[in-house]
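>>> everything below, folded, please.
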Amino acid sequence: MVSMMTDRRLVLKWMGASTLAVAAIAAPVAVTPALALSAGDLLVPQALPDMQLGSDDAPVTIVEYASMTCPHCAHFHETTLPGLKEKYIDTGKARLIFREFPFDPRAAAAFMLARCAPKEQYFPLIDVMFKQQDVWATAQDPRPPLLQIVKLAGFTQESFEACLKNQQVLDNVMAVREKATKDYKVDSTPTFFINGEKVSGALSVEDMSKYIDKHL
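You can find the predicted model right below:
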């Protein structure tokens, strides 16, 4: 049987669904330390090139798995990431690697669009999609609001449709998720690995500091 998220035609079909249980894919609020992996385990090549904020030389590597329709992920990127960036990323103490973990076809489509954009537009698009999550993720048809967002990165109607029909892009996005599930036991979003230590939940800057500072 073909998964509804591994065929581009089904992604396009399910993007038009009238309802989306956004809350059902949210991460637990509690911070829950669990599995520890080595940095080498996490930094093996993925199906897609890693997208990163910060320096390769930073002593702390944070790997985040997120879904674009996850409210806690949006909250992290809107409220925690700016402080984390100021305190750790911009100062060279940490880098953040952001990886795709879509829980539904709409999230998969959003990630596909971000990957089809020029590399320098990836994080700006992710930021706008999270900020406008309430607009497109719960819309009866998410395509019009998503198109308006990606036009900021130079998309046309034609390039928008071409991206969403690109089976290889979808396969790569889903391969990143599948590796996270199989190899790293990721099952909720947002999930973070801080120098290999797995922490799942809605983390504040203070929460993140507890795990980052011990590696500095």
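>>> what element comes up after the top helix by length along the chain heading to the C-terminus?
Longest helix in the chain by number of residues (criterion: DSSP state H): helix 167-184. Downstream of helix 167-184, the first helix or strand assigned by DSSP states H and E is strand 191-194.
>>> for the most centrally placed residue in the chain, what are its contacts?
Geometric centre of the chain, nearest residue: A66, 3.6 Å, by CA atoms, centre = their mean. Contacts for A66 were tallied using CB atoms under 8 Å, 6 or more residues apart in numbering; they are C73, F76, H77, F98, R99, E100, F101, T189, P190. For the C-beta atoms, the positions are set from N, CA and C on the backbone; glycine is no exception.
>>> coming back round to it: only the buried residues of the longest helix of the chain, if you could.
Going by neighbour count (16 or more other CB atoms under 10 Å), the buried part of helix 167-184 is V169, L170, N172, V173, M174, V176, R177, A180, Y184.
>>> switch the residues you listed over to a markdown table; also include pLDDT and distance to K85.
Compiled in a markdown table, those are given as follows (pLDDT from 0 to 100; distance: CB to CB, whole Å):
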| residue | pLDDT | distance to K85 |
| --- | --- | --- |
| V169 | 96 | 27 |
| L170 | 96 | 30 |
| N172 | 97 | 27 |
| V173 | 97 | 24 |
| M174 | 96 | 28 |
| V176 | 97 | 23 |
| R177 | 97 | 25 |
| A180 | 96 | 23 |
| Y184 | 94 | 24 |
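>>> residue ranges in the chain under the pLDDT threshold?
1-36 (pLDDT under 70).
>>> repeat the analysis, applying 80 as the threshold.
1-39 (pLDDT under 80).
>>> need the helices for it, in chain order.
If DSSP H is used as the criterion, the helices of the chain fall at 8-15, 39-42, 71-75, 81-84, 105-116, 122-131, 133-136, 143-150, 157-164, 167-184, 205-212.
>>> which of those sits closest to G196?
Across those, G196 has its closest neighbour in helix 39-42 (5.3 Å, CB to CB).
>>> buried residues in the closest one, which are they?
Buried-residue list, helix 39-42, by 16+ other CB under 10 Å: L42.
>>> what is that helix packed up against?
strand 60-66, helix 167-184 (3 or more CB pairs under 8 Å, 6 or more residues apart in numbering; DSSP states H and E).
>>> now it - C-alpha only, CSV.
The C-alpha trace of helix 39-42 is given here as CSV (Å, rounded to 0.1, in the frame of the first residue of the first chain):
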residue,chain,number,x,y,z
ALA,A,39,27.4,13.5,17.6
GLY,A,40,28.8,11.3,14.8
ASP,A,41,25.6,9.2,14.8
LEU,A,42,23.5,12.3,14.1
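>>> and it, how far out from the chain's middle?
Distance of helix 39-42 from the chain centroid (CA atoms, centre = their mean, to the nearest Å) equals 19 Å.
>>> quick one on the thing from earlier: columns distance to M208 and neighbour count on top of the contacts of A66, output as CSV?
Listed next are those as CSV, based on distance: CB to CB, whole Å; neighbours: other CB atoms under 10 Å:
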residue, distance to M208, neighbour count
C73, 14, 27
F76, 9, 24
H77, 13, 22
F98, 14, 20
R99, 17, 23
E100, 21, 27
F101, 18, 27
T189, 16, 27
P190, 11, 26
